[in-house]
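Novice: Sequence first, predicted coordinates after that:
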Amino acid sequence: MNDPRAFWNERFGTPTYIYGEEPNDFLREVAGRLRGPVLSLGEGEGRNAVFLAEQGLDVTAVDISEQGLRKAALLATKRGVKVKTVLADLAAYDFEPGAWGAIVSIWCHLPALVRATVHRRAVRALAPGGAFVLEAYTPRQLKHGTGGPKSSALLYEPEELQQELDGLQLQIFEEREREVNESALHRGTSAVVRVFGTAVSPSPRH
């Protein structure tokens, strides 16, 4: 993917919501444990950010695609909620330390070096007790062909991911196969890794 912005603008440049309008299953499961403000990474067309806004959370959606964020804003208006959209390349995005009650990364597949940097910055950007939520495809997904990148370089090995998320208390960290049903592009038996972790609160000073 030589030009990610062009790729995603082309993919999202259709009236149809190519990944659907409903949230990711794992995000739906853990949404009740989140507090705002929430930062959603690689949000695309807005389905997850809009869902979180419907739960009463203050949500900011970051994506590299103008077309994706345009559709996210339209979906938010349709659902009667507000979502702040930020056009940015995550490799250069300014993660303000301690600023977020939750950070969400759903199918946000980045090159390895960028991914490691983004994850470390995301951990530092959480307020004490803030939650990090992730679901991504692992390299085992290539045998299924039911969604996600076609290159192993963009897929997430759990061992590497755990190192990148050092500093979180990992309440859920699992690699599994599950049925994904999120539009024609994410459908069928899938090899995924799921994470729910919280930022460690600083020790009280004596």
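Specialist: In hand now; what should we look at?
Novice: Residue 40 contacts residue 104, correct?
Specialist: Yes: between residue 40 and residue 104 there is a contact at 4.6 Å, judged by Cβ atoms under 8 Å. Yep, even glycine has a C-beta here, placed from its N, CA and C like the rest.
Novice: where do the contact lists of the two overlap?
Specialist: 48, 52 (Cβ atoms under 8 Å, 6 or more residues apart in numbering).
Novice: Now do the strands in this protein.
Specialist: For the chain, the strands defined by DSSP state E occupy 38-41, 59-63, 84-87, 100-106, 126-137, 168-181, 187-199.
Novice: Check the ones you listed for me and report the most buried one.
Specialist: strand 38-41 (a mean of 27; mean count of other Cβ atoms under 10 Å).
Novice: got the contact list for the spatially most central residue of the chain?
Specialist: For the chain, the residue nearest the mean C-alpha position is residue 105 (1.7 Å; Cα atoms, centre = their mean). Residues in contact with residue 105 (Cβ under 8 Å, 6+ apart) are 40, 41, 42, 122, 132, 133, 134, 135, 136.
Novice: Kindly provide the distance from the first one to residue 200.
Specialist: So the one you mean is residue 40. 22 Å (Cβ to Cβ, to the nearest Å).
Novice: cool, the fourth one as well?
Specialist: In this structure, residue 122 and residue 200 are 14 Å apart, going by Cβ to Cβ.
Novice: where does residue 28 sit relative to residue 22, distance-wise?
Specialist: On the measure of Cβ to Cβ, residue 28 and residue 22 end up 8 Å apart.
Novice: Overlap of the contact sets of the two?
Specialist: Common contacts of residue 28 and residue 22, defined by Cβ under 8 Å, 6+ apart, comprise residue 51.
Novice: While we're on residue 12, how confident is the model there?
Specialist: Listed pLDDT for residue 12 reads 84.
Novice: Now do the contacts for it.
Specialist: 18, 44, 45, 65, 67, 68, 71.
Novice: Between which two of those residues is the distance greatest?
Specialist: Farthest pair in the contacts of residue 12 (Cβ to Cβ) is 18 and 65. Separation: 11.6 Å.
Novice: pretty sure residue 88 is touching residue 65, no?
Specialist: No: under the criterion of Cβ under 8 Å, residue 88 makes no contact with residue 65, lying 10.6 Å away.
Novice: Between the two, which has more neighbouring residues?
Specialist: Between residue 88 and residue 65, residue 65 has the larger neighbour count (other Cβ atoms under 10 Å), namely 24 against 14.
Novice: per-residue confidence for the closest residue to that one other than its chain neighbours?
Specialist: Closest residue in space to residue 65, ignoring its immediate chain neighbours: residue 8 at 3.8 Å, by Cβ to Cβ, 6 or more residues apart in numbering. The model reports residue 8 with a pLDDT of 80.
Novice: Many thanks, we can stop here.
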